[in-house]
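Participant: here's a sequence, model it:
(chains A and B)
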Amino acid sequence: MTTPSDFPPPPTPGRLLDVEDVTVFRGDRLVLDGVSLTLDAGDAMILTGPNGAGKSTLLRTISGLRRPDSGEVIRYGALAWLGHQDALKPGLTLAQNLALAEKLGTTRLPDALDALDLTHLTDLPARLLSSGQKRRAAFARVMLSGAPLWLLDEPTVGLDVASIERLGAVMAAHRARGGAMIVTTHVPLPLDNTRSHELPSLAHADSFWLS
Amino acid sequence: MTAFLALIDRDLRLAFRFGADTLASLLFFILCGSLFPLALGPSPDLLRHMGPGIIWVCALLACLLPLDRLFGAELEDGSLDLLMLTGPAPAAVAFAKMAAHWLTTGLPLLIASIPLGIMLGVKGSELPLLLAGLAMGTMSLSLLGGMAASIVLGARRGGVLLPLLVLPLATPVLIFGAASSYAGQLATSPAASLDLLGACLFACLPLCPLAAGQGLKAAVG
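Facilitator: All right, here's what the predicted structure looks like:
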């Protein structure tokens, strides 16, 4: 478990993330070339770029799942992760699926489920949920963590308009509490004052060989 | 610690929910052991002499069956990413999965080895020794198997690679385990074999989860 003491003190108050000149190779292909960004409390950053530009790779690198080949990622707070996949076990109920996240987090499960309109599905096995409901359930896990920094990879996949609005409200509340988020998305999100970071496509860059 | 127990609890729930997967290795163990009398002939003396060895080899093979899915399922549905990021330390995640593997595979095998042993003619007085050895042996196999499963995680044809990695590592466990089980028949002391079997277990206990934790980190990277 992570405690606040695991993180370095922020250089400026409210700073949550510093990404300095991060470069990532996948095999012999350059995926991220010298990406730098910073994130302060209340920020919402939208990562844009064509398919294959390295948006997911950047998120994985920021999260610490992947080590950058050069450069540095410094986090000043805990993070919550929403990946491509929903990470729900089909045989377990919604409550059982989220039990571990609730134990590790600070938010109560009923509050998170209520905010995402999932309360009536609590005892349903995850295999019976629709893809949109599964996506919201995975998002509930992010809310449960109570972490200030949210990394969201395509949070709106499979969601209807009403659910996207609800997600927007949750995200706005999180920013108002001093949280921040980095989001990759292909659809517009109901968020104001977002910052965006465009990743160029490096697909046509010369691949170079490590002898 | 609560996260560690919660992880084991979740795995046990999943094992009960999908009972067929859990039962498969148990049935494999019993069927595999029942094939030997068919192939070797029904001579009680021969079977009694080979019984402990048959049980040990079958237990080793049955332990391998569910290893492929131990971390594979977690990697595929994205749970492993979450566990690495927000769960307990990687080695603790690996250890929890290994403990769950033993509870859902090793422990049932231990119980099933009683009827299988009786069927093969192992005497009632020799059974406690066999079970004591098997208990330590299956624990070691869960640890070694979990380590190997995390190392081949994400590799192509990992399922084929897995037995090739586990079986050589498991030979000391098999040698000392089977030797301890034969002590009753040969009227020798099982102490030395059991000591060495315990030494294998206590070497695996810290090393395998640590190695497996690194394997898991590499797999999500």
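
Participant: going by C-alpha atoms from here, please, whenever you check contacts or count neighbours.
Facilitator: OK.

Participant: next one, pLDDT for B:L38 please.
Facilitator: Among the per-residue scores, B:L38 holds a pLDDT of 91.

Participant: any idea how far the residue nearest to B:D11 when sequence neighbours are not counted is from B:I114?
Facilitator: Once flanking residues are discounted, B:D11 sits nearest to B:A100: 6.2 Å by C-alpha to C-alpha, 6 or more residues apart in numbering or on different chains. Per C-alpha to C-alpha, to the nearest Å, B:A100 is found 22 Å from B:I114.

Participant: if we can go back for a sec, was I right about the residue nearest to B:D11 contacting B:I8?
Facilitator: Yes - here B:A100 lies in contact with B:I8, judged by C-alpha atoms under 8 Å, at a distance of 5.5 Å.

Participant: other SSEs contacting the helix or strand bottoming out on mean pLDDT in chain A?
Facilitator: Across the helices and strands of chain A, mean confidence by mean pLDDT, DSSP states H and E is lowest for strand A:195-198: a mean of 84. When contacts are defined as 3 or more C-alpha pairs under 8 Å, 6 or more residues apart in numbering or on different chains; DSSP states H and E, strand A:195-198 packs onto strand A:44-48.

Participant: check the offset of the strand it packs on from the chain's centre.
Facilitator: The chain centroid and the centroid of strand A:44-48 are separated by 11 Å under C-alpha atoms, centre = their mean, to the nearest Å.

Participant: before we move on, back to that, quick one, what contacts the residue nearest to B:D11?
Facilitator: B:A100 is in contact with B:8, B:11-12, counting by C-alpha atoms under 8 Å, 6 or more residues apart in numbering or on different chains.

Participant: among those, which ones are in helices?
Facilitator: Counting by DSSP state H, the part of the contacts of B:A100 found in helices is B:8, B:11-12.

Participant: in CSV, list the residues you listed along with neighbour count.
Facilitator: Below are those laid out as CSV (neighbours: other C-alpha atoms under 10 Å in any protein chain shown):
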residue, neighbour count
B:I8, 21
B:D11, 20
B:L12, 17
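
Participant: returning to what we had before: pull the least confident helix or strand of chain A out as CSV, backbone CA atoms only.
Facilitator: Extracted C-alpha coordinates of strand A:195-198, given in CSV (Å, rounded to 0.1, in the frame of the first residue of the first chain):
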residue,chain,number,x,y,z
ARG,A,195,-5.6,21.4,-21.3
SER,A,196,-4.7,19.3,-24.2
HIS,A,197,-1.5,17.7,-25.2
GLU,A,198,-1.1,16.5,-28.7
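
Participant: ok, and what's touching the helix or strand hosting A:L17?
Facilitator: Using DSSP states H and E, A:L17 sits within strand A:15-26. For strand A:15-26, the external contacting residues (C-alpha under 8 Å, 6+ apart) are A:10, A:30-41, A:62, A:68-77, A:148-149, A:180.
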